[in-house]
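S.K.: whatever this is, show me its structure:
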Amino acid sequence: MSDLLELKRTLSESGILMSFNGAFTHSIIEEMGNAIRRYLEGENLDKGAVTDVFAVYIEQTQNITNYVARRALEGGSFGTAIMVIGSDEGFYAVRSGNAIMRPDVPELRSRLEELNGLDKEGLKRLYKRRLREGPPPGSSGAGLGLVDIARRSSGKLEYSFSPLDDAHEFFSLGARVKGV
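M.R.: Reported below is the predicted structural model:
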């Protein structure tokens, strides 16, 4: 990367406020979270909007770090991820991307389609049901992360899967949060 000024211009023109590419650690997640919160509070946003953007950021980074650890992808390029937060027309976009194992794609796609098929009330009911039921077998959490992201999103979750090699896909997830 020889022209950082051009990269800065491109990021600014795209509305990118913050980005990170590399291996997530708890200290990086915490520092980025603090920076995001300070930035959003400086924008004089509604407290609920600040909370929603921050919560979506935290859920996405936790999903990535939990997945990388569970699937033993630490080290090397498959253990890295990208996180981008931007603003556009009164919304904040929180997007993440990371490598996942190809056999995990169908179940993840199914869960995302289920969430995108629910309205706000349906997402609320699903969230409460999952709280009552507890963690699914073999899960590192209560299975609430994606549900919470969908609940806080101002629209459907945006996602894609792109082949990386015979065993891995690159999973991209985006949520738009109203900034008012």
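S.K.: can you list contacts of stretch 27-41?
M.R.: Applying CB atoms under 8 Å, 6 or more residues apart in numbering, the contact partners of stretch 27-41 are 17-18, 20, 22, 49-50, 53-54, 57-58, 61-62, 65, 83, 85, 92. Backbone N, C-alpha and C define where each C-beta goes, glycine included.
S.K.: just the ones of these in strands?
M.R.: When DSSP state E defines the strands, the subset of those inside them is Leu17, Met18, Phe20, Gly22, Met83, Ile85, Tyr92.
S.K.: of those residues, just the buried ones, ChimeraX syntax please.
M.R.: Typed into ChimeraX, the line below selects the buried ones among the ones in strands among the contacts of stretch 27-41, using 16 or more other CB atoms under 10 Å:
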select :17,20,83,85,92
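S.K.: among the ones in strands among the contacts of stretch 27-41, which pair sits farthest apart?
M.R.: Of all pairs drawn from the ones in strands among the contacts of stretch 27-41, the greatest distance, 22.0 Å, lies between Gly22 and Tyr92 (CB to CB).
S.K.: let me see the contact set for the residue nearest the centre of the chain.
M.R.: Nearest to the mean C-alpha position of the chain, by CA atoms, centre = their mean, lies Gln60 at 3.1 Å. Neighbouring residues of Gln60 by CB under 8 Å, 6+ apart: Met83, Val94, Ser96, Ile149, Leu173, Ala175.
S.K.: and stretch 8-15, how far out from the chain middle?
M.R.: 20 Å (CA atoms, centre = their mean, to the nearest Å).
S.K.: one step back: show me which of the contacts of Gln60 are buried.
M.R.: By 16+ other CB under 10 Å, the contacts of Gln60 give Met83, Val94, Ser96, Ile149, Leu173, Ala175 as buried.
S.K.: chain neighbours aside, what residue packs nearest to the second one?
M.R.: The reference is to Val94. In space, Val94 comes closest to Val56 once its chain neighbours are excluded; the distance is 4.5 Å by CB to CB, 6 or more residues apart in numbering.
S.K.: OK, contacts around the one you found?
M.R.: Shown in contact with Val56 (CB under 8 Å, 6+ apart): Val94, Ile149, Arg152, Ser153, Ala175, Val177.
S.K.: and these, which is closest to Arg70?
M.R.: Proximity of those to Arg70 (CB to CB) peaks at Ile149, which lies at 18.4 Å.
S.K.: does that closest one really touch Tyr57, like I thought?
M.R.: No: with contact defined as CB atoms under 8 Å, Ile149 and Tyr57 do not form a contacting pair (9.7 Å).
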